[in-house]
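Novice: no FASTA, just this:
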């Protein structure tokens, strides 16, 4: 019996409804991005230039998988590779490799301008992590306990939550200097090494005495994850940190993340405030704002099951070791 043959086709009005069917095989109705279940909303994202997506079809035009890249960051020249989903009946075929190759062979077009391609690889298996590294991407961050384990059908570890490795492939040279928080300089310098050269500043400014923190947020209620992207820091920064932690606990959030604009001269002081509120290091989000972003995070209401986190690259393992050491020091009251 010959192996099945698949073809990739772009999403259009004739097949958009199949995307929701693909996601239900892996996530039920719990995937946190609602438009994958809504054909009209999915097509609107594509038409407005925020999404590039394709389906894998078998010889009988049945959907075997889905792949996309999208714009989620404040920097609209940054694409995120994600949502590669294979229908369980095709897990033992080469369709996953076909879908993954679409990120790098031009099937999914990033348009004429792209600062880079970012991807979140789940830590319950190695496939996407290995593919990212082989394609030339660098692991730059680890998002602890970001997804709900039981609702993620691809989670074979039995863990309550699924962590993600952030990988990045840079396409253009950065033109904005960034500040380096002294506390994280050793690990950040290693994470920046594979990327294009940056102007790194080490002067530290105190928290501002005027102005309001400018931020945007993404709240994924179904997976209990809440993310903030902080463009600039204002005099209300300590109150902001206090309020979102309290509100996250009220909402039952598990993964609380803040990405700080590394172009902010108050970065070092802002990090110290977050640490005093229980946040710890996550990594770097390159070009997130145009300038890079620093990921700080907190896990609420449960213990991280480190033994279930599968990591492929030495860099990802080093990030995890740093996180574990920092959290242990914070628990012991010795963290700086």
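Specialist: In hand now; what should we look at? Since the structure is predicted, the reported quantities are computational estimates derived from the model, not experimental observations.
Novice: C-alpha from now on. contacts and neighbour counts both.
Specialist: Will do.
Novice: contacts only, for residue 269.
Specialist: Residues near residue 269 by Cα atoms under 8 Å, 6 or more residues apart in numbering: 204-207.
Novice: repeat the analysis, applying 7 Å as the threshold.
Specialist: 206-207 (Cα atoms under 7 Å, 6 or more residues apart in numbering).
Novice: so for it, what's the pLDDT?
Specialist: Per-residue pLDDT puts residue 269 at 97.
Novice: what helix or strand is residue 76 on?
Specialist: For residue 76, there is no host helix or strand (DSSP states H and E).
Novice: and it, how far from residue 193?
Specialist: 24 Å (Cα to Cα, to the nearest Å).
Novice: residue ranges of the strands in this protein, please?
Specialist: Ranges of strands in the chain, per DSSP state E, are 7-10, 51-57, 63-70, 78-86, 116-122, 138-148, 161-170, 178-179, 200-201, 214-220, 225-232, 255-261, 280-285, 293-299.
Novice: now the fifth one against strand 63-70, angle please.
Specialist: Okay, so that is strand 116-122. Angle, strand 116-122 to strand 63-70, by axes from the mean of the first three to the mean of the last three Cα atoms, to 10 degrees: 130 degrees.
Novice: hang on, the earlier thing: so can I have CSV of the strands of the chain showing distance to residue 310 and mean neighbour count?
Specialist: Below are the strands of the chain laid out as CSV (distance: least, Cα to Cα, whole Å; neighbours: other Cα atoms under 10 Å):
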stretch, distance to residue 310, mean neighbour count
strand 7-10, 29, 17
strand 51-57, 27, 24
strand 63-70, 22, 25
strand 78-86, 18, 23
strand 116-122, 9, 24
strand 138-148, 11, 26
strand 161-170, 9, 25
strand 178-179, 31, 22
strand 200-201, 32, 14
strand 214-220, 24, 14
strand 225-232, 20, 20
strand 255-261, 18, 25
strand 280-285, 16, 26
strand 293-299, 18, 24
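Novice: can I get those strands in TSV with mean pLDDT and distance to residue 108?
Specialist: Shown next, in TSV, are those (pLDDT from 0 to 100; distance: least, Cα to Cα, whole Å):
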stretch	mean pLDDT	distance to residue 108
strand 7-10	93	8
strand 51-57	95	6
strand 63-70	95	7
strand 78-86	91	10
strand 116-122	93	12
strand 138-148	96	20
strand 161-170	96	15
strand 178-179	98	31
strand 200-201	96	33
strand 214-220	96	25
strand 225-232	98	26
strand 255-261	98	27
strand 280-285	98	22
strand 293-299	98	25
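Novice: can you list those strands in TSV and add distance to residue 313?
Specialist: Listed next are the strands of the chain as TSV, based on distance: least, Cα to Cα, whole Å:
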stretch	distance to residue 313
strand 7-10	29
strand 51-57	27
strand 63-70	23
strand 78-86	18
strand 116-122	12
strand 138-148	7
strand 161-170	10
strand 178-179	26
strand 200-201	25
strand 214-220	28
strand 225-232	25
strand 255-261	23
strand 280-285	14
strand 293-299	19
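Novice: nearest to residue 39, of the ones you listed?
Specialist: Between residue 39 and the strands of the chain, the tightest spacing by Cα to Cα is seen for strand 51-57, at 12.4 Å.
Novice: helices or strands up against the closest one?
Specialist: strand 7-10, strand 63-70 (3 or more Cα pairs under 7 Å, 6 or more residues apart in numbering; DSSP states H and E).
Novice: what lies in contact with the first one?
Specialist: Residues from elsewhere that reach strand 7-10 (Cα under 7 Å, 6+ apart): 53-58.
Novice: which among these gets closest to residue 316?
Specialist: For these, the nearest to residue 316 is residue 53 (27.7 Å; Cα to Cα).
Novice: settle this for me: the closest one is touching residue 69, isn't it.
Specialist: Yes. Using Cα atoms under 7 Å, residue 53 is in contact with residue 69, at 6.5 Å.
Novice: between the strands of the chain, which one is nearest to residue 316?
Specialist: Per Cα to Cα, nearest to residue 316 of the strands of the chain: strand 138-148, 6.0 Å.
Novice: who are the packing partners of that closest one?
Specialist: Using 3+ Cα pairs under 7 Å, 6+ apart: strand 138-148 touches strand 161-170, strand 280-285, helix 314-332.
Novice: any idea how far it is from the chain center?
Specialist: Chain-centre distance of strand 138-148: 6 Å, with Cα atoms, centre = their mean, to the nearest Å.
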